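Q: Okay, here's the prediction I keep looking at, along with the sequence it came from:
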Amino acid sequence: MKLLSAVTASLLLAFSATAAHLESARNAPVSPAVARGAGGSLTARADSILTLYTETDFEGTSVTLVGNAGTCYGPLGEPWVSHLLSAKAASGLVCFLWTNSNGCSNCGACIDDQGFEDMTDVPAVHYFTCEVADRAGCSNANSCTFH
């Protein structure tokens, strides 16, 4: 449990360390993903948005990433680049996994809260971003190779 907490903390620190990410997160519009709390008040912490797994069917080593909807996060490190074989978004979100090693472009896969259980055909993922899901979820994510 302590190892998972340390890994999660390290990933969060690495993902949110750049000034550009901090600036965009501060100026991002408030969405249901970041505006939850008692009585509808805002919370200061980021929420769990995406869980990655090293095996198909949501098995193997996993890490739950935290962040804010609408922010591009990355680059992902190993084992997530070469051994990301399934993933699941938090409830109410869709996440886009980007295969370009230079940022959030070239969508490889769209992930919803039902998850993507066998990503063996998806190219290496380097970045991700999550958005508040609409009723269509990933079904209309035509810009993604896999959805």
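A: Arrived safely, thanks for sending. Predicted model only: the values in this text are computed from it and were never measured.

Q: Could you report the neighbour count for residue 78?
A: Residue 78 is flanked by 8 other residues according to other Cβ atoms under 10 Å. Where you see a C-beta, it was placed from the backbone N, CA and C, and this is true even at glycine.

Q: what's the distance between residue 95 and residue 103?
A: Residue 95 sits 15 Å away from residue 103, going by Cβ to Cβ, to the nearest Å.

Q: actually residue 92, not the one I wrote
A: From residue 92 to residue 103 the distance is 25 Å (Cβ to Cβ).

Q: More neighbours: the two, which one.
A: Neighbours of residue 92 and residue 103, each counted by other Cβ under 10 Å, are more numerous for residue 92; the result is 17 against 13.

Q: Now the more buried one: closest residue in space that isn't a chain neighbour?
A: In this structure, residue 92 finds its nearest non-sequential neighbour in residue 133, 5.7 Å apart by Cβ to Cβ, 6 or more residues apart in numbering.

Q: Quick one: low-confidence residue ranges for this structure.
A: Counting by pLDDT under 70, the chain has low-confidence residues at 1-46, 147.

Q: all strands for it, in order.
A: Taking DSSP state E to define them, one finds strands in the chain at 47-55, 59-67, 86-89, 93-98, 107-111, 127-132.

Q: would CSV of these with distance to residue 74 and mean neighbour count be doable?
A: Formatted as CSV, these follow (distance: least, Cβ to Cβ, whole Å; neighbours: other Cβ atoms under 10 Å):
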stretch, distance to residue 74, mean neighbour count
strand 47-55, 12, 20
strand 59-67, 10, 17
strand 86-89, 14, 24
strand 93-98, 7, 25
strand 107-111, 12, 24
strand 127-132, 3, 21
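
Q: Contacts only, for residue 52.
A: Residues counted as contacts of residue 52 (Cβ atoms under 8 Å, 6 or more residues apart in numbering) are 62-63, 65, 76, 80, 84, 87.

Q: May I ask you to confirm that residue 83 is in contact with residue 54?
A: Yes: Residue 83 lies in contact with residue 54 (Cβ atoms under 8 Å); the separation is 4.6 Å.
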